[in-house]
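Trainee: Mind folding the following:
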Amino acid sequence: MRLTKPTKSIVGVISAIFASLFMALMGFFVSSIDNSISESFILFIRFLFSLIIIMPFVLLNKKPTFKIKGTKLFILRVFFGYLAMFCLFKSLKGSSSNAILLFNTAPIFIPILLFLFMG
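Mentor: Residues are numbered from 1 along each chain as shown. Got it, this is the predicted structure:
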């Protein structure tokens, strides 16, 4: 039997599984780090590793991969993304079970907030 090209839905499911796996690994490593290391430094290291992984793909691609429209909204999104990650790391340093429980309720609140803000 010959394997065919995977469909977009299968690639999406596999990507979601890997995203969940790496998020769990990140939570494990953050909660196991000594309390003397600040959350800001942990965030810096996390974003530095992301930059190191993504930069070769950006530099090797000849044409731009994305264009930012609405710079103010993009900066606001970056700020709130950073704030959310900081709060997650702060809560992982305390009670990991409560942090993961609150983090996993995001799919419940996102549609509600989307409806309230987007109409």
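
Trainee: low-confidence ranges in this protein?
Mentor: 1-6, 96, 119 (pLDDT under 70).

Trainee: any chance you could map the helices in it?
Mentor: 8-32, 39-60, 71-94, 96-103, 106-118 (DSSP state H).

Trainee: In JSON lines: those, plus mean neighbour count.
Mentor: Bear in mind the C-beta positions are built from the backbone N, C-alpha and C, glycine included. Formatted as JSON lines, the helices of the chain follow (neighbours: other Cβ atoms under 10 Å):
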{"stretch": "helix 8-32", "mean neighbour count": "12"}
{"stretch": "helix 39-60", "mean neighbour count": "11"}
{"stretch": "helix 71-94", "mean neighbour count": "13"}
{"stretch": "helix 96-103", "mean neighbour count": "14"}
{"stretch": "helix 106-118", "mean neighbour count": "9"}
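
Trainee: Name the nearest residue to E39, ignoring sequence neighbours.
Mentor: With Cβ to Cβ, 6 or more residues apart in numbering as the criterion, E39 has its nearest non-adjacent residue at 4.4 Å, and that residue is F89.

Trainee: right, and that neighbour touches F44 too?
Mentor: No. If you go by Cβ atoms under 8 Å, F89 and F44 don't touch, sitting 11.1 Å apart.

Trainee: where's F22 relative to F74, distance?
Mentor: Relative to F74, F22 is positioned 24 Å away (Cβ to Cβ, to the nearest Å).

Trainee: Kindly report the same for F41.
Mentor: When F41 is compared with F74 (using Cβ to Cβ), they lie 25 Å apart.
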